Structures are given as C-alpha cells and as structure tokens.
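Undergrad: have a look; sequence and predicted model below, questions after that.
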Amino acid sequence: MWKDRHFYLVLLTGLSFGLLGVALAALGNPENSGICISCFLENTAGSLGLHDNERMQYLRPELAGFVLGAMVSALVFREFCSRGGSVPMTRFFAGFFLIVGCAVFIGCPIKLFLRMTAGDLTTLAGLAGLVGGVWVGLHSLAKGVQPGVSKIVRGGSGWWVPLFFVLLMIWVFLPPGFLREAQSGGGAEHAPAWISLGAGLLLGALAQRSRFCITGSLRDTLLMGHRSPLIYGLALFVFGAVAGNLIFGRFEPGFHGQPGAHLDYLWSFFGMALVGWVSVIFGGCPFRQLVKAGEGDADAGMVVLGMLVAGGLAQTWGITATAAGVPLPGKMAVLAGFAFVFMISLVLRERAV
C-alpha cells in the first residue's frame, strides 16, 4: 500500500477536504459548513424556487464544481462512461431519504467531520449512527441485497446531469431573473463564487481519481481494518480540519452553543444511521453520488435528482432540524426512510436470489 501512488492520492484528497472545508467557512460559508452537500442542495433548491425559505436560497458554486471537476477528470483519464438502468426510481427515493437523514442531523457526513473537528461534541451521536448504519448496510449486502449493476446505455443518459450542472455554473455568474438569493441567514453566507467553484472543481477531480468517500472509508475500514487506504485519507481529513480550525481560531470544544447543531442526540443517531445504511446499499454518500454522476453514471444522477427534490421538500414540509431540535415531520420522515430501506432490502434480496 505504501508503494502505491493511488494511496498518496487518497491522502492528498483527504487533506485537501479538511483544509478547504475550513478555509471556505473562513472565507464566508456558514460556520462549520465550509462543505455540506445537503445544506448546499437545500440552498440551491431554494434559489431555483423549489422552496420559499428566504434564508436558505443561494446557488452554491461548489456543487457545480464537484460534478464538473469529476467530469473533466473522467474525460481526461478516459473513465467517462454513460451507464445506468439499475432501479432508477428506487435510486431517486434513496437520494430523497439521504437528504432526509442529513436534514434531521443538520449536515451530510462531510459536515459531520467538519463540525466534530471544530469541537462540536454533539456530533458524536451522529458519528455513532453513521458507523452503525454502514455496519447494517454491509450486513444487508452480505445477505444478498444488491440494487443491480449499471450497464452502458445508449442515448447519452450519462450526460444529462453534468449538462444540468454546466447550466447551473453559468447561472452562478449570469443569473437569470427568476433565480432567488437570500439577503440574510445561511443562504446569504458564502465565500466568493470563483473561489467556491475552484475549490469544488479541485475536490471533484481529486475525489474522482481517488474514489474518496466518507461512508466508503468507514465501510472499507469495517471490512479491511488498517489495510484500507481510505481510512488514512479520512485521518488526514480530520488532521487538516483540526489544524485549520486551530489556525483560524475556530476550535471550541463543547456540547452547548455549537453552530448548526441541536441536542436531540437520539434523532442525530437515527438520521445518520439512515444515511449510512442507504449510502452503503447505493454505492456512496451524497458527495460520492455527485462525483459518480459527473463520471456519466445516470443511476447516480437519479440519486442526485432525488437529493435536489428533497432539498426543496425538506424545507417546505418542515423536515429540517434547527437549533431548537428535530420537528415532528423530520422524525416521521426518518422513520419512513427506515421503512423504505427495509422494504427495498427485502425486494432487492428476492431479486438477487
């Protein structure tokens, strides 16, 4: 492993995530949210008019950067392949419930580690839930649960999601009249657009080459222990983020008064458990789904579309947790998510047999 160039690419990717995650927050993104896929999707959904929360509306350039960075990397290294056809609608709802779990926890797995490395100890419940969800997902796979294998498809299906994000990137700098932008709240807090886009492009390209993924790191560690390269990438992620937070004076350990956090530990556990379980079955966390969509994977593209719709409905239906706690619709949505993943595990297992 130590002689493999891919291993050092994983290390570089993990370190870049940690440093840039903190730097983007220091440059204007919400505190402890330098990178948060679910938050960015909720902001982007709001900017496109998919919800009316005026404090959560901003077309996040990082999202376009992640997808297009992965696309360019895949094209350069001849790994772009238009593929799909594996239970697309099931993947759409899988994407929906990925964001439900994140909305209840307040953040995706990347933000979980960014919050934790800034001293937010409330994330420990979410981390336990994420590891537990990954463990359950692994057992589901061992029992024969498989959503199927994507196949090469005609018609250029794999191009549609990357082209959609090309359009979003253009709108970042040439906004049409219907685009909405928050004047206060989390949506109004953002780093300069060019810096956000550049960071997104770099991280998208690195992740495409290294296959770096938070839930993938936990999955491989449970399977391979210290022989997994991804766990070392995750370790450098943590190291870089802790160092960055110390440098910028943002490391404040404690349970109370943490930005973008609540004290409903049980629901933090359940929210991240749902994310871990769904991510393992469908091949990656929300960030990994964006990267795979950039590689031409139309199945991952369906997950991304499900996540974008959920980003709007999580706000409209009152699913998203706040500092006051997890609302009843959020708790019901998480339970519905567990019912969903349990049922599809039964169905997909039967098909495998």
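TA: Structure received. Because the structure is predicted, anything quoted here is derived from the model rather than measured.

Undergrad: could you say which helix or strand holds the closest residue to Leu206 other than its chain neighbours?
TA: Nearest residue to Leu206, sequence neighbours excluded (CB to CB, 6 or more residues apart in numbering): Thr13, at 4.2 Å. Bear in mind the C-beta positions are built from the backbone N, C-alpha and C, glycine included. If you go by DSSP states H and E, Thr13 is part of helix 5-26.

Undergrad: before we move on, what about Pro30?
TA: Per DSSP H and E: nothing holds Pro30, as it lies in no helix or strand.

Undergrad: so it is in contact with Glu189, correct?
TA: Yes: Pro30 is in contact with Glu189 according to CB atoms under 8 Å; the separation is 4.7 Å.

Undergrad: who's more crowded, these two?
TA: Taking other CB atoms under 10 Å, Pro30 and Glu189 do not tie; Pro30 has more neighbours (20 against 17).

Undergrad: now do the phi/psi pair for Asp120.
TA: Per-residue torsions, Asp120: phi -80, psi 100 (degrees, to the nearest 10).

Undergrad: quick check: it vs Asn245, distance?
TA: 10 Å (CB to CB, to the nearest Å).

Undergrad: same check, this time on Thr322
TA: As judged by CB to CB, Thr322 and Asn245 stand 23 Å apart.

Undergrad: looking at those two, which one has more neighbours?
TA: More crowded of Thr322 and Asn245, by other CB under 10 Å: Asn245, with 22 against 13.

Undergrad: who does the helix or strand containing the more buried one touch, helix- and strand-wise?
TA: Taking DSSP H and E as the criterion, Asn245 maps to helix 229-247. If you count contacts as 3 or more CB pairs under 8 Å, 6 or more residues apart in numbering; DSSP states H and E, helix 229-247 packs onto helix 5-26, helix 109-117, helix 214-224.

Undergrad: packing partners for the helix holding Thr13?
TA: On the basis of 3+ CB pairs under 8 Å, 6+ apart, helix 5-26 makes packing contacts with helix 109-117, helix 193-210, helix 229-247.

Undergrad: turn those into TSV, columns for mean pLDDT and distance to Ala74.
TA: Formatted as TSV, these follow (pLDDT from 0 to 100; distance: least, CB to CB, whole Å):
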stretch	mean pLDDT	distance to Ala74
helix 109-117	96	21
helix 193-210	97	6
helix 229-247	95	19
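
Undergrad: most packed of those helices?
TA: helix 109-117 (a mean of 27; mean count of other CB atoms under 10 Å).

Undergrad: got the contact list for that helix?
TA: Residues from elsewhere that reach helix 109-117, judged by CB atoms under 8 Å, 6 or more residues apart in numbering: 17-18, 21-22, 25, 32-39, 105, 107, 122-124, 126-127, 130, 214-215, 234, 237-238, 241-242, 245, 251, 258, 260-261, 272, 275-276, 279, 285-287.

Undergrad: okay, now the unreliable bits of the stretch 201-350 of the chain?
TA: For the stretch 201-350 of the chain, the stretches with pLDDT under 70 are 350.

Undergrad: repeat that with 50
TA: For the stretch 201-350 of the chain, no stretch has pLDDT under 50.
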